[in-house]
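> build the 3D model from these lines:
(chains A, B and C)
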Amino acid sequence: MLAAPIITLTTDFGLKDPFAGLMKGVMLGINPNAKVIDITHNIQRHNIFEASRVIAMSYKYFPTTTIHVVVVDPGVGSMRRPLLIVTEDHYFIGPDNGIFTPILEDLKSTFLKVYNVTASHYFLPIIGSTFHGRDIFAPVAAWLSKGVDSHKMGEQIDDYMTIPSPKPMHTNNNTITGEIISIDIFGNGASNIAKDDLAKLASIESKENFRVLYNNEHLHIANFYAENKNNSLAAIINSFGYIELFVFQGSASEKYNIKIGDKVIVSLA
Amino acid sequence: MLAAPIITLTTDFGLKDPFAGLMKGVMLGINPNAKVIDITHNIQRHNIFEASRVIAMSYKYFPTTTIHVVVVDPGVGSMRRPLLIVTEDHYFIGPDNGIFTPILEDLKSTFLKVYNVTASHYFLPIIGSTFHGRDIFAPVAAWLSKGVDSHKMGEQIDDYMTIPSPKPMHTNNNTITGEIISIDIFGNGASNIAKDDLAKLASIESKENFRVLYNNEHLHIANFYAENKNNSLAAIINSFGYIELFVFQGSASEKYNIKIGDKVIVSLA
Amino acid sequence: MLAAPIITLTTDFGLKDPFAGLMKGVMLGINPNAKVIDITHNIQRHNIFEASRVIAMSYKYFPTTTIHVVVVDPGVGSMRRPLLIVTEDHYFIGPDNGIFTPILEDLKSTFLKVYNVTASHYFLPIIGSTFHGRDIFAPVAAWLSKGVDSHKMGEQIDDYMTIPSPKPMHTNNNTITGEIISIDIFGNGASNIAKDDLAKLASIESKENFRVLYNNEHLHIANFYAENKNNSLAAIINSFGYIELFVFQGSASEKYNIKIGDKVIVSLA
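This is a model prediction of the structure:
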C-alpha cells in the first residue's frame, strides 16, 4: 500500500469556528486518501511573522513530499496572489504576503520553484472573497496530493513577497546580539540566536565558554530545565537549536516580563 | 482502494477533557477504517442554536455519504430520543432537541428520513446517563460507516423537535430586516440575510444598489476585507453567502459592540 | 486491509505551539499508516496527577493494541527514564515520573511489563534536551506501531516511579469519604468514589439507599442531569462510574465553589 499523502495546516482560524474542519472536508472530497495534520490553528490573528516562524520550525519534521498549507491572510479576496512553493522535499501553499519568507531564505540554494497559482479549474467552483483557505488553498493542496504536476497550477514567478525578519548581529568579535522572537505556552522565550551562531562566534564548542546576557543579568546556561531548580531565569539551547530563556516549572515570560523583541546577548566568557 | 468513510464531530465538549478523543476511540474500535474529522468542539456550552447553525453551514463541504455527529445535549440520559437523519447525500446523528432544525428545513423537499435510534445492540454494552456521545452516537455512527442500513437503527418518525430560528423579514418592498446570528473568532458578525434574499428584494443584481444599515449608520459594502483600510465598520457578502459586518484587521464585535440579535437592515439605494 | 495502528497523544503542550503537530510528523515519517488520535493536549502544565487520571479513564475506550503516548514531563532532558509499559491489551509510552500510576495499579495483576527505553537507534538522530515527545516518545511509538518487539526497546524494570493518589476511605461501616479529583469543562466535579465502592458499602444496590454529603448538605442523587431542573447542586453517577456533583445547565464548580480536594461523603441512608 502506498503511503497516504500528508497535508498540514497552519492557520489563524482558531478552533471555535468550523473553518479548519471545512478545509479538511474540501480536501477529502477531492482526495479521500489524504491525511490532514494540524500544525496549529492558533497563530495570533493576522500575525504573518509568527506563522512564518512556526512553519519554518515545523516543516522539516514531516516526511518528504508533505504539502504544507499556511493561511494567515489579511489580504484575502484582494489581488494578492496564491502561491505554491516547491522545494526539493516539500510543498508549501498559501498567500503571497511574506508568510514563507524563512522557507524561501533557507531553501534558496536548493531546487526551488515558486508558482503564482492561477489554474482556477483546481479551485472550488464558487470562490468567495473571505475564505480562500477553503476555496483555493485546500483544493489546490488536495489536487497536488493526488499527483497533479506543480507546473500545471500556474506560472513560475520570482517576485514573491518577503517580510523583514530580525537577524542576530555580531556586534563585535566576541558578541552576538539577538532578540526574543517567540514565547511558547510554557512561557519560555526563544531567541533568534542559533547554536550555529555560537559556533561562528569562535571555534570553541563548549557552551561553558559562553555567557548569555538578558536585561543586564548573566544567566546560567542549563543542560536541561530541571537543572535550574531555584526558579531563577536561565538559558538553554532548545530543541530547535536556539538560545531560550526559561524558569523551571514557571513562566519566564510572566515572572520576568519577557516580551517579543527583547534583546538577548551572547558573548565569549 | 475504497475511500475511507468520513465521520465528523461537532460538540460542546471543549478540548481539555478527553471526551472527543474517547468518541474517536469507540468509533475506531468498531470501524478502524473510519476517518474522524473535527468540525468543532467549542460550541458554547448547551447552545443548541449555535450548533445547529454550525453544522448547517458546514456539512455541504464534506463528501457525500459523510456521517455528521452533533452532540450538544443538555437532556442527555432523559427520555429525549437519539436521532439518525438520512438525506440524499449525508447522514446526521445526535439528540432530538432541535439541533438539526436548519438541516431538516433545508432538505425537507429532498429525500429525507428521520429515525428514532433504538437498536441498542449497536450501542456500547454499558450506557451511562451522562455521555451518550460516547455510548450511543459514536458507536451508531461507526456501525453506519461500516455499512449497516439506516433502517436497522430504529423506527422512522416525523415528530422530531425543531427550534425557532430567526428569519430575515421583508419589512416593505425595499427593505429586509435581519439580525446578527453569529460572531466568529475574528470578531466578524454574520447576519441571517443571504445573497438570495437580496436577489429577491429586486431584480437588480449589483450590490452597488444596496445599502446596509446597522445601528443607524450606513455601511460601505466591500468587495474584500482589505478594501476597507480606514478601520471603520463595513459590510461584505461572506463566503457562506451572508451579509457580514467587519473591521479590517480589527474586531468589529469589540470595536462596535456587535452582539448576536442586533438588527441589520438592507434596503434598495 | 489490516487496520491501521492507532497511537494516542495526551500532553500539556496546548494547541498554540506546533509541538503536537511535530510529534505527528515524526510518527508519520516512520510509520505512514499510523492513525494518531488526540486525547488532549490541554493537561494543566506539569500536572502529572491530572495526566495520570485522564489516561486511566481514557485508554480502555480505544481498541486493543493501541499505543498511548503521554507527555507531561518537567524532568525532560534529565536522567529520568523513558518508559514503555506493555499490558495485555495496550501500550503506554512516556516519562518515568508517576504519570502511569493508576495504569500500573489497575493492571498489576494482569500480564504487565515495564521497560526502560534505551534503544536509541529508535530515537531521532539528534536528541534535544527539551522535547523528548518529538525526539524519543514519538519515534518509539511509531516503531512499535510498525511491529518492532517491545523487548527490543530496552531492559525490563520494576522500580518505576509512582505518585500518591487519593483513595476513598471507609470511615466506618456505613460511610465512605472521598474527594473531588477533577472538574470538567462543564464545571462538573467528579469524585474518586466509584459505583463499586458503593457496592462494597452494603449489599444494597439501589442508589435510593445512599446519601451524598458535600459541604454539610445532602444532595439529591439524580438519574440524569435534566432531572434536577431547579439548578441546585446534585449528585449523579457519571459515565465513568464515579459520584459526580453537578448543576443542570450551570457550572457546579463556579456556583458552589467546588475545588479539587474537596471532601465528598457517601453514607447509607
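
> buried residues in stretch A:182-200?
Across stretch A:182-200, burial judged by 16 or more other CB atoms under 10 Å in any protein chain shown covers A:182-194, A:197-198. For the C-beta atoms, the positions are set from N, CA and C on the backbone; glycine is no exception.

> interface residues of the stretch 101-250 of chain A facing chain B?
A:Gly128, A:Ser129, A:Thr130, A:Phe131, A:Arg134, A:Asp135 (CB under 8 Å from any CB of the partner chain).

> what about the last one, which SS state?
Right, the one you point to is A:Asp135. helix (DSSP: H, G, I helix; E, B strand; the rest coil).

> just the pLDDT for it.
Looking at A:Asp135, its pLDDT is 97.

> how far away is it from chain C?
Applying CB to the nearest CB, to the nearest Å, the value for A:Asp135 to chain C is 24 Å.

> for the fifth one, same thing?
Counting by CB to the nearest CB, the gap from A:Arg134 to chain C is 20 Å.

> looks like that residue contacts A:Gly21 (just checking).
No: using CB atoms under 8 Å, A:Arg134 is not in contact with A:Gly21; the gap is 9.9 Å.

> backbone phi and psi for A:Ile127, please?
Per-residue torsions, A:Ile127: phi -100, psi 120 (degrees, to the nearest 10).

> that one touches A:Ile136, doesn't it?
Yes: using CB under 8 Å, A:Ile127 is in contact with A:Ile136, at 6.7 Å.

> higher neighbour count, these two?
Taking neighbours as other CB atoms under 10 Å in any protein chain shown, A:Ile127 and A:Ile136 compare with A:Ile136 leading, 23 against 14.

> identify the residues contacting the lengthiest strand in chain A?
In chain A, taking DSSP state E as the definition, the longest strand is strand A:175-183. Strand A:175-183 is contacted from outside by A:50, A:53, A:166, A:168-171, A:189-193, A:197-198, A:201, A:243, A:245, A:253, A:258-268, using CB atoms under 8 Å, 6 or more residues apart in numbering or on different chains.

> same thing with stretch A:25-36?
Under the contact criterion CB under 8 Å, 6+ apart, stretch A:25-36 has outside partners A:4-9, A:23-24, A:124, A:134, A:138-139, A:141-143, A:145-146, B:1, B:3-4, B:6, B:8, B:35, B:37, B:58, B:61-63, B:66, C:28.

> in helices, which of the buried residues of stretch A:182-200 appear?
A:Asp197, A:Leu198 (DSSP state H).

> quick check, nearest of the buried residues of stretch A:182-200 to C:Gly94?
Closest approach to C:Gly94 among the buried residues of stretch A:182-200 (CB to CB): A:Phe186, at 17.5 Å.

> wait, isn't that closest one in contact with A:Ser251?
Yes: assessed by CB under 8 Å, A:Phe186 is found in contact with A:Ser251 at 6.8 Å.

> quick one: which of the contacts of strand A:175-183 sit in helices?
A:Glu50, A:Arg53, A:Asp197, A:Leu198, A:Leu201, A:Ser253.

> for burial, what's the neighbour tally of the residue lying closest to A:Phe62 once chain neighbours are set aside?
Of all residues not flanking A:Phe62 in the chain, C:Gly25 sits nearest, at 3.8 Å (CB to CB, 6 or more residues apart in numbering or on different chains). Residues lying near C:Gly25 (other CB under 10 Å) number 24.

> shared neighbours of A:Ile127 and A:Ile136, which are they?
Counting by CB under 8 Å, 6+ apart, nothing touches both A:Ile127 and A:Ile136.

> for B:Ser267, see how far away A:Tyr115 is.
To B:Ser267, A:Tyr115 is 44 Å away according to CB to CB, to the nearest Å.

> higher neighbour count, these two?
The residue with more neighbours, out of A:Tyr115 and B:Ser267, is A:Tyr115; 23 against 18, by other CB under 10 Å.

> so the more buried one is in contact with A:Ser150, correct?
Yes: the pair A:Tyr115 / A:Ser150 is scored as a contact, 6.3 Å apart, by CB under 8 Å.

> just to revisit the earlier point, surely the residue nearest to A:Phe62 forms part of a helix?
Yes: according to three-state DSSP, the state of C:Gly25 is that of a helix.

> that older thread, just flag the most distant two among the residues of the stretch 101-250 of chain A next to chain B.
A:Ser129 and A:Arg134 (12.0 Å).

> list residues touching both of those two?
Here A:Ser129 and A:Arg134 have B:Ser239 as joint contacts, going by CB under 8 Å, 6+ apart.

> these two: which is more packed in?
Taking neighbours as other CB under 10 Å, A:Ser129 and A:Arg134 compare with A:Arg134 leading, 27 against 18.

> what's the domain layout of chain A?
Domain ranges of chain A: A:6-156, A:169-268, per automatic domain parsing.

> mean pLDDT lowest where, among the ones you listed?
Among the domains of chain A, domain A:169-268 has the lowest mean pLDDT, at a mean of 90.

> picking up where we left off before, so what strands line up beside the longest strand of chain A?
With DSSP bridges as the test, strand A:175-183 is paired with strand A:169-172 (antiparallel), strand A:189-194 (antiparallel), strand A:263-268 (antiparallel).

> buried set for that strand?
For strand A:175-183, the neighbour count (16+ other CB under 10 Å) marks A:Ile176, A:Thr177, A:Gly178, A:Glu179, A:Ile180, A:Ile181, A:Ser182, A:Ile183 as buried.
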